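Student: Kindly return the folded structure for what I paste below:
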Amino acid sequence: MKFATKAIHAGVEPDPTTGAIMTPIYQTSTYVQESPGKHKGYEYARTQNPTRTVLQNNLAAIENGKHGICYSSGLGATDAILKLFKPGDEIIASSDLYGGTYRIMAKVFQDFGLKFKFIGLEDPAVLEAALTPRTKMVWLETPTNPMLRIVDIEAIAAITRARNILLTVDNTFASPYLQNPLDLGADIVMHSVTKYLGGHSDTVMGAIVLNDDEIARQLTFIQNACGAVPGPQDCFLVLRGIKTLHLRMQRHSENALKIARFLSEHPKVSQVNYPGLETHPQHELARRQMRDFGGMVSFTLHGDSLPEAVKVMESFQVFSLGESLGGVESLCTHPASMTHASIPKEEREKNGLKDTLIRLSVGVEDADDLIEDLRQAIG
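Tutor: Numbers count the residues shown, from 1 in each chain. Presented below is the predicted three-dimensional model:
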């Protein structure tokens, strides 16, 4: 079954009671049992919910995985993965990554005894040199947030597999339509479902997809024991969003490439980060690893003037200034003060994230209108 068909049908069956083609919202906290312990597979809604079950099965199918597990947010999913480890265990993570991921690792779990190293993973040799006997997991994003760097998942997986180290890939920027890390050797795939999977800026959710039965059992236990579960209404909305994921991602990618090309030719723009540009240093790797290049673009202006960058962001008429990404509407974000503010300034700058960097989540509007908005805002 090909992707578009899976997105619409995988894991989804008509409601057996009414024949409803859309999965019902099972808005209930508990389920009636025939006798103590004798039930229809559902006991309590934190543990299981039929709407959530359908979504988890659908997510597993579109990521080519066996198990899908949903959480109340992307960070809820990250929290569950980190709870697989014990004090003294070491985790190596991309230095270019979402600020919330850095925050939960460096400012929450580090206090509980986990050890973290943040390094650039674009060169697999750098990872090999950083590994120690205590290393239990490698965590990476590709494309990275917000510099849009590409990490070779297969190359990293070859290193981690040989040493029995887990490899987790945050696949939020790519979505399952553009990239399937499990097929490339990853052990765990994490998504902020809030973004492209939901796709309409109306839901907060996270998800994990994997093949390993034992790790899935542990993560499902954590899901129930710690309680970071999504509600059925949100699960319904995401199921609806996934049905158009392939259509949206095609348009996001088409628009982003047009915008990246426009920005790369603009006299006031000094740098454009987008893996779909032939000038991107890892363009060929992106072509090999992804089906298209996604809807995220970041750029800086000549002179690196923060007031000028702020003026541009305040001047948009179609792009909206706000946190998050992946919705049908175009968003503009200032990573240094918004999504990545929890990362110390010196760490951001070491990674190339300047205070003047502007990140765009390119929506599915008409590309000409988006380009005109950029033209008038940049001046």
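Student: Just to be sure, residue 126 is in a helix?
Tutor: Yes: counting by DSSP: H, G, I helix; E, B strand; the rest coil, residue 126 is located in a helix.
Student: For it, which residues are in contact?
Tutor: Contact partners of residue 126, counting by C-beta atoms under 8 Å, 6 or more residues apart in numbering, are 119-120. All C-beta atoms are positioned from the backbone trio N, CA, C, and that covers glycine.
Student: The one 5 residues further on too?
Tutor: Residue 131 makes contacts with 92, 159, 163, 165, as judged by C-beta under 8 Å, 6+ apart.
Student: Scan those and report the most crowded one.
Tutor: residue 92 (25 neighbours; other C-beta atoms under 10 Å).
Student: I'd say it and residue 120 touch.
Tutor: No: if you go by C-beta atoms under 8 Å, residue 92 and residue 120 don't touch, sitting 10.8 Å apart.
Student: Please give the per-domain residue ranges for the protein, including any split domains.
Tutor: Here the chain is described, according to automatic domain parsing, as comprising the domains 3-242, 245-378.
Student: Make TSV from the ones you listed and add mean pLDDT to it.
Tutor: Below are those laid out as TSV (pLDDT from 0 to 100):
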stretch	mean pLDDT
domain 3-242	97
domain 245-378	96
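Student: Restricted to helices, list the contacts of residue 131.
Tutor: residue 159 (DSSP state H).
Student: In a markdown table: the contacts of residue 131, plus distance to residue 202.
Tutor: Shown next, in a markdown table, are the contacts of residue 131 (distance: C-beta to C-beta, whole Å):
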| residue | distance to residue 202 |
| --- | --- |
| 92 | 35 |
| 159 | 39 |
| 163 | 42 |
| 165 | 37 |
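Student: The contacts of residue 131: which two are farthest apart?
Tutor: 92 and 163 (11.5 Å; C-beta to C-beta).
Student: quick check: longest helix of this structure.
Tutor: As assigned by DSSP H, the longest helix anywhere in the chain is helix 245-264.
Student: immediately after that helix, which helix or strand?
Tutor: Using DSSP states H and E, the helix or strand that follows helix 245-264 in sequence is strand 269-273.
Student: Correct me if wrong: residue 239 contacts residue 24.
Tutor: No: in this structure, residue 239 is not within contact of residue 24 by C-beta under 8 Å, at 10.7 Å.
Student: quick one: the residue positioned nearest the centre of the chain from residue 28, how far?
Tutor: Centroid-nearest residue in the chain: residue 172, 1.7 Å away (criterion: C-alpha atoms, centre = their mean). The gap separating residue 172 from residue 28 is 30 Å, by C-beta to C-beta, to the nearest Å.
Student: what do you get for residue 297?
Tutor: Counting by C-beta to C-beta, the gap from residue 297 to residue 28 is 43 Å.
Student: How about residue 164?
Tutor: 42 Å.
Student: So these two - more neighbours on which side?
Tutor: Between residue 164 and residue 28, residue 28 has the larger neighbour count (other C-beta under 10 Å), namely 14 against 7.
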